Every structure is written in structure tokens, then in C-alpha cells.
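let's see this in three dimensions:
(2 chains)
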Protein chains: 2
Amino acid sequence: MNKQKPISQEPVSLATVAAQAGVSVATVSRIVNGETRRASAETVERVQKIVADLGYRPNHVGRTLRRRESRVVAMLSPNLDNPAMAAIAASVETALRSAGYVMILCDTHDRADLQDEYLHVMRSQLVQGYIVVNPVRSEALSASVARGDPIVFVGRRNPDGGGAFVGIDNRGAGEDAADHLWARGIRKLAVIQPTQGSSATRDRVGGFITRLEELGLPDNAIRQAEAPGLSHLEVGYAAARTLVDGRPWPQGLFCPSDLMAYGAYRLALEAGIRIPEDCRIVGVDDNKLNAWITPWLTSVHIPYADFGAKVVDQLQALWAGEQPSEQLLPHTLIAR
Amino acid sequence: MNKQKPISQEPVSLATVAAQAGVSVATVSRIVNGETRRASAETVERVQKIVADLGYRPNHVGRTLRRRESRVVAMLSPNLDNPAMAAIAASVETALRSAGYVMILCDTHDRADLQDEYLHVMRSQLVQGYIVVNPVRSEALSASVARGDPIVFVGRRNPDGGGAFVGIDNRGAGEDAADHLWARGIRKLAVIQPTQGSSATRDRVGGFITRLEELGLPDNAIRQAEAPGLSHLEVGYAAARTLVDGRPWPQGLFCPSDLMAYGAYRLALEAGIRIPEDCRIVGVDDNKLNAWITPWLTSVHIPYADFGAKVVDQLQALWAGEQPSEQLLPHTLIAR
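Sure, this is the predicted structure:
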């Protein structure tokens, strides 16, 4: 190995060590700070040797910000006023902070142009990695993926396929909702969804319908309705209204998000329909506020509070040069 | 005025124009882009003359990101899972985007150490301004204020006093809650609050109690309870439990935030108390989800959707070198 002693009086930088070791600055930083589990033993030994040879000494110990090395990770997420999105952001931000990083958050509003704009801005801000929640296909995202930027996708997968992913088994969530309603003897069933759905909502609805077919309900016996728009509150309300137009309410109604369930609930209130007595609504997310103010709602709990640790694991794996992977967390139906 | 023609072939930069004009880069940028209302006529004329003399030409027209000039504004906010905080963030982010800026968001969790850490990080990211929602007193914030950084305070005022502020008349919100309950003939009244309250919650409670005294209710006739902790959901629940320990529920209960009202509501459900029939709860915020899922809750509506435009006005005023000011938006009680 080429041993270079620096000629200048300048202190040896992390970047110098990283360049000699052929690894990223972040990898050297972690090894120097004792976080060695993500690097191979050979890499750890090599870096430690170079550190000794070059006489590298860290400027600061612990979580003090090093101005030369950005400790910033960017999260791009749509609709931070959706409690599920806020819960993901909170979980990831806490986990990143424990790992010595700070997180900055940008709301993409589900728009490709905004996703692109924020990706550009974050790149010029020299962030160390990206967490893209509910990605949409966009030019800058595809370019970023192609360039090998460290990106973790959350909720929805990489629109171009592949990449590191943290989410749940959406079809399984729909299946659990079907099992719950079926087990209670409910046979007059319905499901609503957004016209402009995502892979997540489509998989949840698909899982629900397929499971009911397996249980013996013919597909045409499941009433379905959809409504356009991006606001799940509005979609839930409008789709439920389409569903019950001139017909009785179903005995069971699956909504692939709690926000849609809230929308359907508002219509039920207006119509004097009692939930769950007249119609049992099942949602997905189990938003934090449900336990306090929606005793009528059964929902599939998604462990958003655990997403953070998984996302940070994925980022650290990418920084260490490992292959991206999928991490699915377990969902659980919470009956009320 | 000193007219310098650049000798090199380098295009003239915004920074060069700004330096000659004795104004900020952002001011020059706005004048070049036709946004002249915040600058004095003398400034506009001076800048335009220097632009002409130096032959400055903008690199890009419109909202394209200029890598040399950060178009980024940082928002520091606690508890993004509080719907009120999420609503402020959404409103400000939209308004900033309309003004050609992008907003990055950091969650301070109401902690002085995190507020400091994010202020440091944002400063090294060269943001153009700061929006601090519900500030706590912290070293870096005081230093930032003393340095004259462009900061707009939202919700709670600058802990050191002064500065640009956007919020509501908190005492007035409490007064309206008192008037509402009084007008319905309710005299068995109570109020709960967090032990570690903020100026906002203290002012709302103070306004409520003072108004009732004016209306004729003696202070000792207003039942009061508090509970420690930062989660308003938990505080609402615990304080309500303290309030009704071994005693009947009040006929009217004021909660200085909707999250506290949700907490009290959960206790009521557990106790079989009907809201509002047995106890009329009044909250503050009128969270977006209320219209959908909390038909039992009367709340003082705070026009968070209008905060964004006011905040951007304040920032542009600060960038133009104007004195900071207070902007209070109107609140309205929404009865259910």
C-alpha cells in the first residue's frame, strides 16, 4: 500500500484517508467512531492502518457538527399533513439523530416537478443520502438512481425498480381486512379507492378482493367505487357517496387508508348511519390519533415508529457499499 | 458612484452588483426579477443603474435554481405530528414556493439543544432565512437574533423579545371560548392546561379565566387542573382525570389546544360521559381533521392556511432591511 506522509502542516483530513482507502468519507468516519459492523473486517483493518500511518486525528468527538462533512440526510415526502407521513418523518428523524445525522424534510406534494426540484436543491446542499417516501416517477429521481446516489425508498418502491426499500406487505394488509370482516360473518362487502391510486393502495385493495374470492365471495358480489383527486379525505367521502348512491350502505367497508375511512365516516354521520353498528369500516395505517378519537374505526396497524431504524440500517448499508435490499415490517389489524 | 467594469471574461455576478449597491444578493435578485415593492424607489434605481453599468445578466429566468445563490429557507418547528404544526408548515412551504424559494423543515421537538443544532446546520447550509415556529430560548437562537439574521417567529414570540412575528391573539381565543360557553348558560366550568405550558397556552387560559370573571363568575368557581409532559394528547387525558377525580364532570371544559381536547375526550369515552351533551368541550386550533371526525368538538379556528403569506411578507420585509413587525391573524370560534 502506498504510504504518504503529508508534506504540509495541514492536519490530515477524513477525505485524505478515504481516498487512500478507496472508501467513502462516511465509512472512514464510522470506523473512526467505532461503528464497524457494516464494514468488512478487511476494510476496517485497512482504514485503521491508513489512519495510523497518516496520523489522522478527528476534529471533534461524538455528534458535534463537522463543517467540512455534511451530516445531513434529506427526506422527500408528500403530504406532511397526512398523519402516516408525519409518523414516518418523525420515526426516521429520531433514528437519524441517534446515528449522528440531522434530517431535513421537503414536501413533494406527490408532484414529479417538486420531487425533481427538491432533489436538485438537496444535491447542491451536499446531503449524504436521500429518503424518498412514496416516490413518483421523475427525471431527477431516475438520474439519481442511475448515478448510484444513496437512496432509501419508503412506502412505495422505486418507480424504476430495484433499490433499497422499507415498507409493508400491502396485499397482506388487504387480506387481513378481508379475514376480519369475514370472521364477523359480514358478507355484504364493499371497497373504495382513489382513481389515481398508488401501488400501495392498489395492492391493498387487490389483496382484499383476492382474499374474499378465496373465502368464497364472487368478485361481482364485492361493491366497489372510486373517486378522483389526491386528498384521501375527499376521495373517501366522494367514493362512499358514489357507492351508496340510491343503495343501502354495505355491512362492511374496506378503505385502503385511514384518511379515506375518515372521509367515508363523515358521509355516514351525515346520513345517520352508525359506525360500526350499521357498517363496519376497516382502514389502514392505524394513525396515532385513532386510539384517542376514532373508537369506531378498525384499522391495520403499520408500525411507522419502527420505520426509522430500518431506514437508517438501509442507508448505512448503502454507504458501506452493500447491495440494496427490501425490508418489510409486520402489520397487525387492530379491531375496535 | 464607483463604476467598475470587470477586467476578466467572467460574467458579472449578483454578488458583485450587490456589493456595489450595498444591498443583499436577495434584494438584487428580486429587483432584477421585477419584485420591487419591498425596496425603496432609490434602492431600485441605484441597483438598476449598477446592473446596466456592469452589464449584469441573470443566468436563468424564473424559478430555476441558481447554484451560486441558495433559494432555501429553513423552518424549525416542534412536533410535526401535531396537526397544527403540520398545517403551518404546509402553508408556509406553499407560500415560499410561490415566491421562488424552497423550504426545508427540521423538527426541534421543543428542545433547546435540537433548536441549536438545527440552527447551526442551517447556517452552514447557507439558507436565506429562518422561520422558527414555537421557539424556545436557546443560545444559538439568541446569537442568530443578535447577528441580525432574517428570522420570523410563528406561534410563540421571540423568547428574547422583539423580532418579526406571525400568530394570533391568544387571550382573545380564550375569551371567545368563555363567551361561547357562557352564552349557552353553562356555569359549571373548568379548564385544563399543561404544567410546562407556553406563552400561547398560558395566554389562552388567562383570557378564558379573565373573561369569565368579567362575566361574573368568581375565579374560585372555575375548576382547574394541569398535568406535566410535552404530549398534549397525554396532558389532556391526565389533566382531565385529575379534574374529575372523585367529582362530577364539569358542564363546560376549555382545552387550550385540540390535542388536549382529544385527550380529555378519550377519558370521557372511557367514563361513559357524552360529549357535548354531558360536558361541552371547547378546544383551540380547529384542526383540519375535526370537520371529518370530531363532530363533538367546538374549537377556536386559527387560520393556519393564511400564515404562509404573512410569513413570506415578513421575510421579504426583513430582506429589504425593514423593521420587524407583528402580524396577528383573526381567529373564529367554530361551534358544533
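
just the CA atoms of stretch A:15-27, as CSV, please.
The C-alpha trace of stretch A:15-27 is given here as CSV (Å, rounded to 0.1, in the frame of the first residue of the first chain):
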residue,chain,number,x,y,z
ALA,A,15,-11.2,12.8,2.8
THR,A,16,-7.5,12.0,2.5
VAL,A,17,-7.9,8.8,4.5
ALA,A,18,-11.0,7.9,2.5
ALA,A,19,-9.2,8.5,-0.8
GLN,A,20,-6.3,6.3,0.1
ALA,A,21,-8.5,3.6,1.5
GLY,A,22,-10.8,3.7,-1.5
VAL,A,23,-13.9,4.1,0.6
SER,A,24,-16.3,6.9,1.3
VAL,A,25,-15.7,9.6,3.9
ALA,A,26,-18.8,8.4,5.8
THR,A,27,-17.3,4.9,6.0
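
the closest residue to A:H109 other than its chain neighbours and chain B: what is the separation?
In this structure, A:H109 finds its nearest non-sequential neighbour in A:P78, 5.6 Å apart by C-beta to C-beta, 6 or more residues apart in numbering or on different chains. Where C-beta positions appear, they are placed from N, C-alpha and C, glycine not excepted. A:P78 sits 11 Å away from chain B, going by C-beta to the nearest C-beta, to the nearest Å.

buried ones in stretch A:294-312?
Going by neighbour count (16 or more other C-beta atoms under 10 Å in any protein chain shown), the buried part of stretch A:294-312 is A:294, A:296-302, A:304, A:307-312.

among those residues, which lie within strands?
A:T298, A:S299, A:V300, A:H301 (DSSP state E).

can I assume the third one is in contact with A:N290?
No - contact between A:V300 and A:N290 fails when scored by C-beta atoms under 8 Å: they sit 11.2 Å apart.

find residues that contact each of those two.
Residues within reach of A:V300 and of A:N290 at once, by C-beta atoms under 8 Å, 6 or more residues apart in numbering or on different chains, are A:I334.

strands of chain A, start to end?
So, for chain A - with DSSP E - the strands run A:72-77, A:102-107, A:129-133, A:151-154, A:164-168, A:189-194, A:223-227, A:252-254, A:280-285, A:298-301, A:326-329, A:332-334.

check whether the last one contacts chain B.
No - for strand A:332-334, no contact with chain B is found by C-beta under 8 Å from any C-beta of the partner chain; the gap never falls below 15.3 Å.

next one: that strand to chain centre, how far?
From the chain centre to the centre of strand A:332-334 is a distance of 19 Å (C-alpha atoms, centre = their mean, to the nearest Å).

next one: the second one
Centroid separation between strand A:102-107 and its chain, computed with C-alpha atoms, centre = their mean, is 14 Å.

contacts only, for the residue nearest to A:H109.
A:P78 sits next to A:M85, A:D107, A:T108, A:H109, A:D110, A:R111, A:V133, A:N134 when contact means C-beta under 8 Å, 6+ apart.

narrow the residues you listed to just the buried residues.
Buried among these (16+ other C-beta under 10 Å): A:M85, A:D107, A:T108, A:H109, A:D110, A:V133, A:N134.
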